[in-house]
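Undergrad: Mind folding the following:
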Amino acid sequence: MEEHRELIRESFKRSESYGVNSNITAPNTVCSEDEINSLLQKNNDLIQLSLPFIKRLYKFIQGTGFMMILTDKNGCVLSIKGDDLITEEAYHSNIIIGACLKEDRVGANSIGTSIVTDTPLQFSGDDHYLKSYKKWTCSTAPIHDSLKNIIGTFTLAGHCDSIHSHTLGIAIAGAKYLEDRFESRKIHTELDEAYQYVNTIINTFSFGVFALDLDGKILRANTTAGKFLKQPYEELVGKSIGDFIPDYKTILKVVRAYTFIHDEEVEFKVGAGKERFIINSHPLYNAQDKLTGILLSFREFKRIMNLVHKYSGMRARYHFKDIINKSPQMKRIVQYAQTVASSPSTILIQGESGTGKEVIAQSIHNASDRASHAFVPINCGAIPENLIESELFGYDDGAFTGAKKGGHPGKFEVANAGTLFLDEVGEMPMDMQVKLLRALQEAEVTRVGGTKTIPVDVRIIAATNRNLRKLVDEGKFRLDLYYRLSVIPIEIPPLRDRRSDIPSLLKFFLNRKALKLNKDIPVIRQSLYDDIMAHDWPGNIRELENFVEKIVNFNGDVQLDLSAFSNFSTSTATVDDGLKISDDKLIPLTLKEMEKRAIIDSIRINNRNMSKVAKTLGISRNTLYEKMKRYDISYK
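TA: All right, here's what the predicted structure looks like:
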């Protein structure tokens with residue numbers, strides 16, 4: 001109590017030093033209307049947080065002759081609540097909203113002194129510096145924020161004859177309650193900000209996210225999940241994961257066993273169709289380490305495949321501008337290939353080994369509307385016969401001994417939306433030719449050991465150095481597959497038939513090999529140059545490239561040993577239709593002419609059995625008859 005009295009004495013001394021006139025009847029500092037509006041706006045949080053408490057407390061002090069005063073940190077009145085008589089009396093003493101009750105304005109008083117000393121105080125009667133205030137008893141407690149800074153005061157005020165020691169306790173309790181409200185709101189705001197922050201983060205994920213309870217009910221979903229499943233993500237909440245994953249019970253079973261799921265391929269129901277996703281799951285625990293739910297993330301299978309293509313080199317590197325074509329033959333072939341690049345039809349590229357069939361194939365892919373997707377090459381002659389099916393169509397988990405756990409997609413799936421390049425297709429076994437034909441006709445595959453059909457959208461470019469028509473006649477290649485592959489045939493002439501390309505190719509390879517080997521570009525003596533131009537190049541461009549590397553390695557001091565190639569055949573693979581190659585002439589048939597010829601040949605080979613003809617060509621009978629009418633073809 002003595003400490004309390006000492007604080008009041010010190011306040012009187014300060015009041016005198018401030019030069020406060022103790023005879024003034026009311027606060028001489030009151031805010032203007034604009035200043036009051038600014039004051040209330042600035043302290044809106046404190047006012048709004050205090051109003052519910054002040055309303056509830058008024059129910060207990062109503063009729064007691066007390067009023068409640070709320071001020072800001074500078075002692076400016078923000079709110080007054082009490083019985084009409086006491087508030088009217090305060091009004092006549094100029095204790096109104098906007099009045100300043102700081103020590104240096106009205107001398108020692110519970111509000112101003114409590115702010116200066118940061119201490120709850122009770123002033124009564126003569127404790128006040130102003131003579132006009134000696135009729136009041138006021139109990140004030142400062143209000144602090146979470147950093148212990150004063151943000152305002154809470155006061156219970158009444159007539160001096162109503163003084164009670166408990167009023168200070170009520171003021172202290174009120175201030176503490178408001179401080180707790182501020183801290184609670186701060187925590188709530190921080191939690192809300194954290195929630196919004198986390199929510200923003202998961203909504204930026206490129207994969208879908210579900211939070212599930214142990215019954216498979218979706219508790220939360222991110223925007224990507226809604227995008228994948230083609231509905232607003234808010235509408236996913238409350239639904240069962242079983243609405244999208246038919247086999248979800250297996251996932252729940254695995255997670256209930258406190259086990260993770262890593263990169264498993266799962267089929268989702270999306271609208272009226274189905275789409276494949278790669279899922280991962282993680283069990284969720286509460287503070288007591290009890291399993292309470294599942295975090296499920298899922299990525300689009302096709303997006304994963306695009307990443308595989310990007311980083312595994314399944315991209316076409318060559319473009320038509322990269323093809324050296326000084327000769328008339330190659331100019332026409334490049335022009336023709338550019339024309340058909342945008343067509344979805346299958347292309348068959350024929351030519352000797354080393355003529356650049358894959359370069360043409362990659363250029364066609366890069367000039368098509370599939371250029372942003374994968375270019376997947378597979379050498380049909382380099383894969384063991386017992387593995388080619390799984391390479392093309394993939395396999396399911398446990399399909400055979402040594403099969404990768406979880407299965408593996410085949411080249412058709414990997415090339416989905418892109419181009420599948422079937423190199424050396426003439427080496428494909430007969431039984432695989434049947435399966436390949438079915439995949440092309442149905443536009444779907446079934447993995448080895450699996451039962452589900454997987455739709456695929458693949459553009460086929462096939463290549464061979466063998467004469468497929470001759471293989472058909474020999475019974476080593478299916479006619480129906482030949483027609484299916486050779487919708488658009490292209491034959492690349494050997495290098496000996498387009499010698500005008502050799503100088504440009506020689507210059508190109510000299511520069512590239514010198515850069516690769518970190519050597520100077522050698523000078524080619526005339527005799528060597530003449531031998532190069534006269535050589536038939538049975539290995540074609542590949543042979544020329546390898547010989548140029550030898551030239552660079554030995555700084556041009558080499559000879560072209562023509563006898564080393566005397567046993568090589570220089571015959572080229574040719575076809576009876578499509579692009580006819582001669583020394584000086586290239587005559588491409590139109591697509592209509594090729595289609596008409598294919599129909600006529602198929603009618604002849606199938607002995608006019610129109611059902612077989614339609615099946616061989618991969619079209620319906622109605623379509624077949626329409627085309628026959630259009631091309632004026634008779635089958636009688």
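
Undergrad: Go ahead and confirm residue 531 touches residue 560.
TA: Yes. With contact defined as Cβ atoms under 8 Å, residue 531 reaches residue 560; the gap is 4.2 Å. All C-beta atoms are positioned from the backbone trio N, CA, C, and that covers glycine.

Undergrad: Just want to know which of these two has more residues nearby.
TA: residue 560 (17 against 14; other Cβ atoms under 10 Å).

Undergrad: Make sure I have this right: that one is in a helix.
TA: No. Secondary structure of residue 560 (DSSP: H, G, I helix; E, B strand; the rest coil): coil, not part of a helix.

Undergrad: Distance of it relative to residue 534?
TA: Taking Cβ to Cβ, to the nearest Å as the measure, residue 560 falls 9 Å from residue 534.

Undergrad: longest strand anywhere in this structure?
TA: If you go by DSSP state E, the chain has its longest strand at strand 273-285.

Undergrad: list the buried ones in that strand?
TA: Residues of strand 273-285 classed as buried by neighbour count (16 or more other Cβ atoms under 10 Å): 275-279, 281, 283-284.

Undergrad: and which of these is nearest residue 495?
TA: Residue 495 lies nearest to residue 276 out of the buried residues of strand 273-285, by Cβ to Cβ, at 45.0 Å.

Undergrad: check contacts around that closest one.
TA: Contacts for residue 276 were tallied using Cβ atoms under 8 Å, 6 or more residues apart in numbering; they are 265-268, 301-302, 454.

Undergrad: so what's the backbone phi/psi at residue 350?
TA: phi -120, psi 150 (degrees, to the nearest 10).

Undergrad: Quick check: the most centrally placed residue in the chain vs residue 228, distance?
TA: Geometric centre of the chain, nearest residue: residue 206, 2.5 Å, by Cα atoms, centre = their mean. Distance, residue 206 to residue 228, using Cβ to Cβ: 10 Å.

Undergrad: One more: residue 156?
TA: The value you get for residue 156 to residue 228, if Cβ to Cβ is used, is 61 Å.

Undergrad: if you count what's nearby, which of those two comes out ahead?
TA: The neighbour comparison of residue 156 against residue 228 (other Cβ under 10 Å) goes to residue 156, with 28 against 21.

Undergrad: helix, strand or coil for the more buried one?
TA: strand.

Undergrad: ranges for the strands of the stretch 151-300 of the chain?
TA: Under the criterion DSSP state E, counting those that start in this stretch, the stretch 151-300 of the chain contains strands at 208-213, 218-221, 261-270, 273-285, 291-300.

Undergrad: Ok, which of the ones you listed comes nearest residue 199?
TA: Smallest distance to residue 199 across the strands of the stretch 151-300 of the chain (Cβ to Cβ): 8.8 Å, for strand 218-221.

Undergrad: Give the pairing partners of that closest one; include direction for each.
TA: Using DSSP bridges, strand 218-221 pairs in its sheet with strand 208-213 (antiparallel).

Undergrad: Off-centre distance for the strand it pairs with?
TA: 17 Å (Cα atoms, centre = their mean, to the nearest Å).

Undergrad: how many degrees apart are it and strand 291-300 in direction?
TA: Put simply, strand 208-213 runs at 160 degrees to strand 291-300, going by axes from the mean of the first three to the mean of the last three Cα atoms, to 10 degrees.

Undergrad: would you put the C-alpha positions of strand 208-213 in PDB?
TA: Coordinates of the C-alpha atoms in strand 208-213 are reproduced here as PDB (Å, rounded to 0.1, in the frame of the first residue of the first chain):
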ATOM      1  CA  GLY A 208      -2.700 -34.100 -56.800                       C
ATOM      2  CA  VAL A 209      -3.000 -34.400 -53.000                       C
ATOM      3  CA  PHE A 210      -5.700 -36.000 -50.900                       C
ATOM      4  CA  ALA A 211      -5.900 -36.200 -47.100                       C
ATOM      5  CA  LEU A 212      -8.000 -39.200 -46.200                       C
ATOM      6  CA  ASP A 213      -9.400 -40.600 -43.000                       C
END
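
Undergrad: Which residues does it contact?
TA: 202, 218-222, 224-225, 227-229, 236, 241, 277, 284, 292-299.

Undergrad: Just the buried residues out of those residues, in ChimeraX syntax.
TA: Those of these that count as buried under 16+ other Cβ under 10 Å are selected in ChimeraX with:
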select :202,218,220,221,222,224,225,228,229,236,241,277,284,293,294,296,297,298,299
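
Undergrad: where does residue 394 fall, phi/psi-wise?
TA: Per-residue torsions, residue 394: phi 80, psi -180 (degrees, to the nearest 10).

Undergrad: That one contacts residue 408, doesn't it?
TA: Yes. If you go by Cβ under 8 Å, residue 394 and residue 408 touch, sitting 5.4 Å apart.

Undergrad: Which one of these two is surrounded by more residues?
TA: residue 394 (23 against 19).

Undergrad: State the distance from residue 441 to residue 484.
TA: From residue 441 to residue 484 the distance is 7 Å (Cβ to Cβ).

Undergrad: who has more neighbours, those two?
TA: residue 484 (22 against 14).

Undergrad: So that one: helix, strand or coil?
TA: When classified by three-state DSSP, residue 484 comes out as helix.

Undergrad: now do the one 5 residues further on
TA: Under the three-state scheme (three-state DSSP), the conformation of residue 489 reads as strand.

Undergrad: which residues of the stretch 51-200 of the chain score low on pLDDT?
TA: The stretch 51-200 of the chain contains residues with pLDDT under 70 at 195.

Undergrad: Mind jotting down where the helices sit in the stretch 101-250 of the chain?
TA: Secondary structure of the stretch 101-250 of the chain (DSSP state H, counting those that start in this stretch): helices located at 103-106, 110-117, 165-203, 223-228, 233-236, 248-256.

Undergrad: May I see the domains of the protein written out as residue ranges?
TA: Here the domain parsing of the chain from automatic domain parsing is 2-187, 205-308, 315-491, 495-565, 590-630.

Undergrad: for the helices of the stretch 101-250 of the chain, which one ends up most surrounded?
TA: Among these, helix 110-117 has the highest mean neighbour count (mean count of other Cβ atoms under 10 Å), at a mean of 25.

Undergrad: Look up how far residue 205 lies from residue 546.
TA: Applying Cβ to Cβ, the value for residue 546 to residue 205 is 49 Å.

Undergrad: Low-confidence regions, the protein specifically.
TA: Ranges of the chain meeting pLDDT under 70: 1, 195, 258-259, 304-314, 397-406, 561-592, 635-636.

Undergrad: and residue 135, how many neighbours does it have?
TA: The number of residues packed near residue 135 is 15, by other Cβ under 10 Å.

Undergrad: How about the one 4 residues further on?
TA: Burial of residue 139 is recorded as 28 neighbouring residues (other Cβ under 10 Å).

Undergrad: For the residue lying closest to residue 488 once chain neighbours are set aside, grab phi and psi.
TA: Nearest non-adjacent residue to residue 488, counting by Cβ to Cβ, 6 or more residues apart in numbering: residue 347, 4.6 Å away. Phi and psi for residue 347, reported as degrees, to the nearest 10, are phi -120, psi 140.

Undergrad: Let me have the strands of the stretch 151-300 of the chain in TSV, extended by distance to residue 138.
TA: TSV is the format used below for these (distance: least, Cβ to Cβ, whole Å):
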stretch	distance to residue 138
strand 208-213	54
strand 218-221	52
strand 261-270	68
strand 273-285	54
strand 291-300	53
